[in-house]
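Undergrad: What follows is a predicted protein model with its sequence.
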Amino acid sequence: MSSNANSVQLRSPFLPFSAQCEASSKSIQFIKRADKDTLKSIFLKYASVESNGEFFMTPNDFIRRFLGLLPQQNYNEDTVKLLANVVDTTKDGLISFVEFQAFEALLCAPDSIFVLAFQLFDTNSSGYVTFDEFQDVLQRTELQQHIPFNFNSKFILLHFGKNKQRNVSYTEFTQLLHDFYEEHALQAFSSFDKANEGFISPLEFYDIMTSLKSHLLSDFVKENLVAALGMKQVSYPYFVAFISLLNSMELVKQIYSSATKDDLDMELTKEEMLREAQKYTQITPMEIDILFHLVDIRRHQSQSGRIKYTDILAMTPLDLEKLPFRIQAKALQEKIHEQYAGHGRGIFIQVLESVYRFGLGSVAGAIGATTVYPIDLVKTRLQNQRSGSYVGELMYKNSFDCFKKVIRHEGFFGLYRGLAPQLVGVAPEKAIKLTVNDFIRDKFTSKSGQIPLWAEILAGGCAGGSQVMFTNPLEIVKIRLQVAGELALSKRIGAVTVIKDLGFFGLYKGSRACFLRDIPFSAIYFPCYAHMKKLTANETGYNSVGTLLLSATLSGAPAAALATPADVIKTRLQVVARKGQTTYSGVTDCARKIWKEEGGKAFWKGAPARVFRSSPQFGVTLMTYEMFQRFFYIDFGGRRPEGSALRPSIEETLPPNPDHIGGYRLALATFEGIETKFGLRLPKFRSPQTSA
């Protein structure tokens with residue numbers, strides 16, 4: 001047992017390469033290696049044997065206590081020893097820390113499931129598999145005990161030589177293991193076909209499939225194996241085609257996706273599937289016939305002659321997402337996408353992405369504005385109310401008094417006076433704000449996904465400034481309609497009347513105050529929102545609908561409150577002054593006169609109403625915008641919104657045991673893959689003879 005090696009050999013030197021959890025410095029790391037000291041502390045936690053000051057794990061320590069496999073009380077001790085043997089390269093019955101660390105690195109190899117199977121058969125760690133080793137391991141499996149394999153067959157002689165003395169290398173072994181189960185099934189068919197007629201009974205077919213090919217059977221297929229046949233005998237071609245179909249279910253998914261252009265709700269006829277399958281030589285018409293026959297059974301003999309993606313899923317046995325190579329590939333794909341998101345995209349694609357965001361932002365803005373419009377109306381009327389020496393009795397005492405009086409004198413729909421022009425303008429206003437903010441943030445976001453605070457503020461400020469071209473005309477029309485309800489007019493004032501009275505340039509009256517309000521608001525709001533999302537996200541970085549709404553709403557409070565003085569000035573400039581009220585010539589003149597006539601408190605009029613209006617409005621708007629981006633996701637090659645990963649993260653695919661770090665996060669998936677992918681089922685329980 002070697003424990004003083006400077007570098008860890010991950011596989012036998014006979015193997016052509018060694019496993020690495022991390023790629024070279026120039027490539028992307030997808031499963032990070034465990035820290036040596038942390039791994040050592042975990043090893044010592046489970047090691048129960050001490051010899052000459054060094055600690056070791058027993059097979060039971062590693063397989064049952066650390067990995068959590070075979071937890072049964074009457075577990076099979078031979079299986080535990082055989083599984084632990086893949087780690088114990090010195091074959092002394094104990095696992096040193098060096099061996100423990102080496103196996104952690106091995107688990108990160110893209111082909112770790114094949115390497116594990118190879119080391120399971122290479123019982124003496126020679127770097128090759130002999131015939132005796134191959135036979136010995138297989139004879140321990142439940143499969144061999146039920147349907148024995150003929151180890152004197154031509155198949156064995158072709159792989160191990162006529163004298164069975166040829167040693168099989170790792171790469172040759174991977175093909176041997178792949179072909180073995182096909183050969184075993186064919187031998188089983190021949191053994192049941194006593195008359196050599198090329199037929200077996202449905203029950204014999206069921207026995208072979210559930211014994212030799214159970215790892216390929218989904219629950220639906222297993223329950224309907226006999227029903228799929230009726231009382232008919234199973235021919236050899238049908239037998240081969242059935243197995244081939246189950247082996248090719250991932251390819252069937254590809255054929256379906258290609259034919260439907262990834263529309264997973266579309267139904268295909270048998271003819272359409274056959275036409276598309278001609279592009280793939282691995283699928284035969286007989287396999288397509290079997291596939292559609294199973295679909296008819298699943299649909300209770302409706303014989304619709306059509307197939308959907310859900311039908312294919314019902315027949316797919318392996319949960320590939322839980323196999324180690326798929327976990328690694330998914331992690332690598334996410335890393336690559338994060339590093340290169342937004343790079344190498346043409347102008348046309350970026351324009352399309354902005355148009356897409358603009359469309360979603362328009363709808364989200366309209367929804368947000370409608371939700372809080374009554375609060376906005378109350379805020380506007382309070383801000384327009386003068387309290388100086390030239391004004392008579394105040395119309396409203398506070399926000400709640402204003403709300404009650406509007407309903408009393410103008411009815412419920414009086415709370416929505418001016419909503420129509422608001423919706424016409426708010427859609428492009430919110431859309432351009434959201435689009436510009438996202439666009440500029442993308443430009444300043446590094447490959448690692450980081451963006452400096454100053455860039456966040458700049459993006460928000462630019463977004464606020466860009467919206468004024470829509471905001472100012474919208475605001476001035478909306479405000480004049482909202483305060484019109486206070487006047488006793490014989491003729492109802494509409495948006496068209498206001499626009500005619502103002503003219504084109506009049507629509508931009510008070511635009512400087514609008515800039516003064518909107519730029520600081522957005523410069524405060526968007527950075528706050530981005531950081532609040534991170535604070536409220538769960539441990540995997542995912543934001544639910546609730547956390548999105550909370551983040552967006554809370555971020556609106558400081559932004560709305562601090563921008564209130566500018567909003568008061570803008571309102572005074574844009575509203576039509578009544579007889580006896582002070583008039584203003586510009587931003588500076590307005591600010592000076594308000595201070596002189598009404599005092600500093602006047603600049604904060606309507607601040608609570610503004611906060612209660614802006615916070616929930618932006619809460620609803622941003623939440624809707626982000627959810628739209630999830631539900632109607634289009635990949636333009638850029639970054640997805642932070643916290644929007646709807647699928648389970650890599651971490652959720654992996655075991656919850658906190659001691660499974662580094663490559664050991666893939667350990668359970670790899671060991672289970674030996675059984676689910678290759679059908680290598682070792683006895684889990686102690687045999688009656690052994691227990692006796």
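TA: Looks like it arrived, so ask away.
Undergrad: now the strands for the stretch 1-150 of the chain?
TA: Along the stretch 1-150 of the chain, counting by DSSP state E, counting those that start in this stretch, strands occupy 49-51, 54-56.
Undergrad: Adding mean pLDDT, distance to residue 110 and mean neighbour count, write the ones you listed out as CSV.
TA: Where C-beta positions appear, they are placed from N, C-alpha and C, glycine not excepted. Compiled in CSV, the strands of the stretch 1-150 of the chain are given as follows (pLDDT from 0 to 100; distance: least, Cβ to Cβ, whole Å; neighbours: other Cβ atoms under 10 Å):
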stretch, mean pLDDT, distance to residue 110, mean neighbour count
strand 49-51, 92, 33, 11
strand 54-56, 94, 30, 18
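Undergrad: mind putting those strands in TSV, distance to residue 257 included?
TA: As requested, these are exported to TSV (distance: least, Cβ to Cβ, whole Å):
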stretch	distance to residue 257
strand 49-51	53
strand 54-56	50
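Undergrad: Which among those is found nearest to residue 283?
TA: strand 54-56 (51.2 Å; Cβ to Cβ).
Undergrad: coming back round to it: so for residue 221, which of the strands of the stretch 1-150 of the chain sits nearest?
TA: Proximity to residue 221 (Cβ to Cβ) singles out strand 54-56 among those, at 44.9 Å.
Undergrad: for the closest one, packing partners?
TA: Helices and strands touching strand 54-56, by 3 or more Cβ pairs under 8 Å, 6 or more residues apart in numbering; DSSP states H and E, are strand 49-51.
Undergrad: Now do the same contact list for residue 86.
TA: Each residue near residue 86 by Cβ atoms under 8 Å, 6 or more residues apart in numbering is listed here: 103, 116, 119, 120.
Undergrad: what residues are up against the nearest residue to residue 97 once chain neighbours are set aside?
TA: Of all residues not flanking residue 97 in the chain, residue 43 sits nearest, at 5.1 Å (Cβ to Cβ, 6 or more residues apart in numbering). By Cβ under 8 Å, 6+ apart, residue 43 lies in contact with 55, 57, 97, 100, 101.
Undergrad: Would you reformat the residues you listed as a markdown table and include distance to residue 65?
TA: As requested, the contacts of residue 43 are arranged in a markdown table below (distance: Cβ to Cβ, whole Å):
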| residue | distance to residue 65 |
| --- | --- |
| 55 | 14 |
| 57 | 8 |
| 97 | 16 |
| 100 | 13 |
| 101 | 18 |
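Undergrad: in the stretch 1-150 of the chain, what spans have low per-residue confidence?
TA: Low-confidence segments of the stretch 1-150 of the chain (pLDDT under 70): 1-31.
Undergrad: Break down it into its helices, ranges please.
TA: 36-46, 59-60, 77-84, 97-106, 112-121, 131-139, 142-146 (DSSP state H, counting those that start in this stretch).
Undergrad: cool, the stretch 551-692 of the chain as well?
TA: 564-574, 587-598, 607-631, 650-653, 667-678, 688-691.
Undergrad: Next: the stretch 301-450 of the chain.
TA: Assigned by DSSP H, counting those that start in this stretch, the helices in the stretch 301-450 of the chain fall at 309-315, 324-340, 347-384, 399-410, 419-444.
Undergrad: Let me have the ones you listed in JSON lines, extended by mean pLDDT.
TA: Below are those laid out as JSON lines (pLDDT from 0 to 100):
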{"stretch": "helix 309-315", "mean pLDDT": "87"}
{"stretch": "helix 324-340", "mean pLDDT": "48"}
{"stretch": "helix 347-384", "mean pLDDT": "80"}
{"stretch": "helix 399-410", "mean pLDDT": "82"}
{"stretch": "helix 419-444", "mean pLDDT": "80"}
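Undergrad: Is it possible to get a markdown table of these that adds mean neighbour count?
TA: Output for these, formatted as a markdown table (neighbours: other Cβ atoms under 10 Å):
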| stretch | mean neighbour count |
| --- | --- |
| helix 309-315 | 17 |
| helix 324-340 | 17 |
| helix 347-384 | 20 |
| helix 399-410 | 15 |
| helix 419-444 | 22 |
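Undergrad: can I get the ones you listed in JSON lines with distance to residue 270?
TA: Below are these laid out as JSON lines (distance: least, Cβ to Cβ, whole Å):
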{"stretch": "helix 309-315", "distance to residue 270": "12"}
{"stretch": "helix 324-340", "distance to residue 270": "30"}
{"stretch": "helix 347-384", "distance to residue 270": "37"}
{"stretch": "helix 399-410", "distance to residue 270": "64"}
{"stretch": "helix 419-444", "distance to residue 270": "46"}
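Undergrad: can you tell which of those helices is closest to residue 609?
TA: That would be, of the helices of the stretch 301-450 of the chain and by Cβ to Cβ, helix 347-384, which comes in at 3.6 Å.
Undergrad: so which helix or strand takes in residue 207?
TA: helix 202-212 (DSSP states H and E).
Undergrad: after that helix, next one along is what?
TA: helix 219-223.
Undergrad: what's that following helix packed up against?
TA: Secondary-structure packing of helix 219-223 (3+ Cβ pairs under 8 Å, 6+ apart): helix 285-298, helix 309-315.
Undergrad: How far does it sit from its chain's centre?
TA: 29 Å (Cα atoms, centre = their mean, to the nearest Å).
Undergrad: what comes up buried for that helix?
TA: Going by neighbour count (16 or more other Cβ atoms under 10 Å), the buried part of helix 219-223 is 220, 221.
Undergrad: Can you give the strand pairings for the following helix or strand past that helix, parallel or anti for each?
TA: Once helix 219-223 ends, the next helix or strand along the chain (criterion: DSSP H and E) is strand 234-235. Here strand 234-235 is paired, per DSSP bridges, with strand 199-200 (antiparallel).
Undergrad: Wait, residue 97 touches residue 37, no?
TA: No: the pair residue 97 and residue 37 does not pass the contact test of Cβ atoms under 8 Å, sitting 11.3 Å apart.
Undergrad: Between the two, which has more neighbouring residues?
TA: residue 97 (18 against 8; other Cβ atoms under 10 Å).
Undergrad: Check the gap between that one and residue 555 for me.
TA: From residue 97 across to residue 555, the span is 49 Å (Cβ to Cβ, to the nearest Å).
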